[in-house]
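requesting a structural model of the entry that follows:
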Amino acid sequence: MDSTIIIEKSVIIVAVFALTMLMAMYSTWAERKVAAWLQDRVGPNRAGPFGLFQPLADGLKLFSKEEFEPNTPNRFLFFVGPAIAMSTALMTSAVIPWGDRLHLFGRDILLQATDLNIGLLYFFGVVSVGVYGIMIGGWASNNKFSLMGAVRAASQMVSYEVAMGLSMIALLMMTGTLSLREISAQQAGMNWNVFYQPLSFIIFLICAFAETNRTPFDLAECESELIGGYHTEYSSMKMGFYLFAEYANMFISSTILAVLFFGGYNYPGMSWVVENWGVNIANVLGFGALFIKLCGFIFFYMWVRWTIPRFRYDQLMHLGWRILIPLSIINIIITGIVILRADIAAYLGF
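Numbers count the residues shown, from 1 in each chain. You can find the predicted model right below:
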């Protein structure tokens, strides 16, 4: 393998990792600011200008907190739980196309860590492993509240992954590819998938809330019933890993939503910018467009959290199994009829 490719991919991987960590860190600050704005408060304003150093203060606090462990026979699993949650949150960013390409040093550099032809399948695979981090952590805590939180998280994620996967089938029937890069490229010129598959988008969005354990689907850690849920027994950076993983997942799922349904790095007039200003400027603007879209979804996550109360658990299961899954199947049938309308009309003699 050419050494320049290794260097190029290493730089992209480090940049994506740094961006994910930075976004996860400052999402905690944004969460507090959005909550304060919605509740007519000020929010963090002491640590640095506009409270911008608050995430650093939080990190320092978590690092310096006392490490305590429950009396558990599963000490190894107790440590492994947060590590799995954090690892899976960071691994999903590998297949996301952050732009088309940059032309530097006489070569084209793809703005993607790896272009898998099964990128969407990889995303679902890694996300589904993430539940093990929560399940193992809750079970190894030797605490009934943690265990109940872990069981809730597992059943919730399994339930909503079914609807999420089915919602994607209709999109795949239309795009004909599992590669996130190709799905992005097909949406050039405002041909965004959200206009063709609005029901898929709504189902995927609701399932993304459930997958990230965000309100109104935060039954796994609802403090009014389960103290702290699956991470009740965790302290210091082990708890920090769980909290960080939630915000990293929120960032990645927002990016996936933007890539699948809102054109990814595409923006109106991109082809004109490529022809007149060059490919580099066009793709820097493309990254900016993707960043604006994903920040919009992150704000929506926060807006919903501070607006809607959480569901009862039976309501959560009812929504997943008896509403979203049938809707996904109906959407697949409608999409199939629309795609094959000419063949169906010919068969019926029209």
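
please make it C-alpha for all contacts and neighbour counts, starting now.
Will do.

where do the strands sit along this structure?
For the chain, the strands defined by DSSP state E cover 101-104, 107-110.

what's the first one packed up against?
Spelled out, it's strand 101-104. Packed against strand 101-104 by the contact rule (3 or more CA pairs under 8 Å, 6 or more residues apart in numbering; DSSP states H and E) you find strand 107-110, helix 279-305.

pull up the pairing partners for that strand, direction included.
Strand 101-104 has the following strand partners under DSSP bridges: strand 107-110 (antiparallel).

Ala289 and Ala345, how far apart?
41 Å (CA to CA, to the nearest Å).

low pLDDT regions in the stretch 51-200 of the chain?
Judged against pLDDT under 70, the stretch 51-200 of the chain has no low-scoring part.

now the stretch 201-350 of the chain
Using pLDDT under 70, the stretch 201-350 of the chain drops low at 220, 222-228.

state the number of residues packed around the closest residue to Leu120 other than its chain neighbours.
Spatial nearest neighbour of Leu120, excluding adjacent residues (CA to CA, 6 or more residues apart in numbering): Leu178 at 5.3 Å. If you count neighbours by other CA atoms under 10 Å, Leu178 ends up with 18.

and what of Gly278?
14.

contact partners for the nearest residue to Ile256 once chain neighbours are set aside?
In space, and not counting its chain neighbours, Ile256 is closest to Ile96: 7.4 Å by CA to CA, 6+ apart. By CA atoms under 8 Å, 6 or more residues apart in numbering, the residues touching Ile96 are 112-113, 180-181, 255-256, 259.

just the ones of those residues in helices?
Members of those lying in helices (criterion: DSSP state H): 180-181, 255-256, 259.

farthest pair within those residues?
Largest separation among the ones in helices among the contacts of Ile96 by CA to CA: Arg181 and Thr255, giving 12.9 Å.

can you give me the helices for the stretch 201-350 of the chain?
223-226, 236-261, 270-277, 279-305, 313-318, 325-339, 341-347 (DSSP state H, counting those that start in this stretch).

need the winner for burial among those helices.
helix 236-261 (a mean of 23; mean count of other CA atoms under 10 Å).

which strands and helices sit next to that one?
Helices and strands touching helix 236-261, by 3+ CA pairs under 8 Å, 6+ apart, are helix 3-38, helix 54-64, helix 75-91, helix 180-186, helix 193-196, helix 198-211, helix 279-305.

so what does the first one touch, helix or strand wise?
The reference is to helix 3-38. Counting contacts by 3+ CA pairs under 8 Å, 6+ apart, helix 3-38 packs against helix 54-64, helix 236-261, helix 279-305.

around the residue lying closest to Ser328 once chain neighbours are set aside, count how many other residues there are.
In space, and not counting its chain neighbours, Ser328 is closest to Ser167: 5.1 Å by CA to CA, 6+ apart. By the criterion of other CA under 10 Å, Ser167 has 27 neighbours.

and the ones in helices among the contacts of Ile96, which is closest to Ser64?
Of these, the one sitting nearest to Ser64 (CA to CA) turns out to be Thr255, at 32.4 Å.

right, and that closest one touches Ile298 too?
No: when contacts are counted by CA atoms under 8 Å, Thr255 is not listed as touching Ile298 (9.2 Å).

quick revisit: with respect to Phe53, which of the helices of the stretch 201-350 of the chain lies nearest?
Nearest to Phe53, of all the helices of the stretch 201-350 of the chain, is helix 236-261, at 16.4 Å by CA to CA.

and the angle from the closest one to helix 3-38?
Orientation of helix 236-261 against helix 3-38 (axes from the mean of the first three to the mean of the last three CA atoms, to 10 degrees) gives an angle of 100 degrees.

what angle do helix 236-261 and helix 54-64 make?
Using the same axes, to 10 degrees: helix 236-261 against helix 54-64 is 140 degrees.

any idea of the angle helix 236-261 forms with helix 198-211?
Using the same axes, to 10 degrees: helix 236-261 against helix 198-211 is 180 degrees.

report the angle between the axes of helix 236-261 and helix 279-305?
Using the same axes, to 10 degrees: helix 236-261 against helix 279-305 is 120 degrees.

tell me how far stretch 122-140 is from the chain's mean position?
14 Å (CA atoms, centre = their mean, to the nearest Å).

same check on stretch 93-109?
21 Å.

how long is that stretch from one end to the other?
This stretch, stretch 93-109, spans 17 Å end to end (CA to CA).

and it, what's buried?
93-102, 109 (16 or more other CA atoms under 10 Å).

among those residues, which lie within helices?
Per DSSP H, the buried residues of stretch 93-109 never map to helices.

report the two of the residues you listed separated the most.
For those, with distances taken as CA to CA, the pair at the greatest spread is Ser93 and Leu102 (19.0 Å).

still on that earlier bit, format the helices and strands packed on helix 3-38 as a markdown table; extra columns: distance to Lys9.
Shown next, in a markdown table, are these (distance: least, CA to CA, whole Å):
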| stretch | distance to Lys9 |
| --- | --- |
| helix 54-64 | 29 |
| helix 236-261 | 19 |
| helix 279-305 | 17 |
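
Gly133 is nearest to which of these?
helix 236-261 (8.7 Å).

now the angle between helix 75-91 and that closest one, please.
Going by the same axes, to 10 degrees, helix 236-261 makes 30 degrees with helix 75-91.

give the contact list for the residue nearest the centre of the chain.
By CA atoms, centre = their mean, the mean C-alpha position of the chain lies nearest to Ser253, the distance being 1.7 Å. Contact criterion CA under 8 Å, 6+ apart gives Ala208 as the residues in contact with Ser253.
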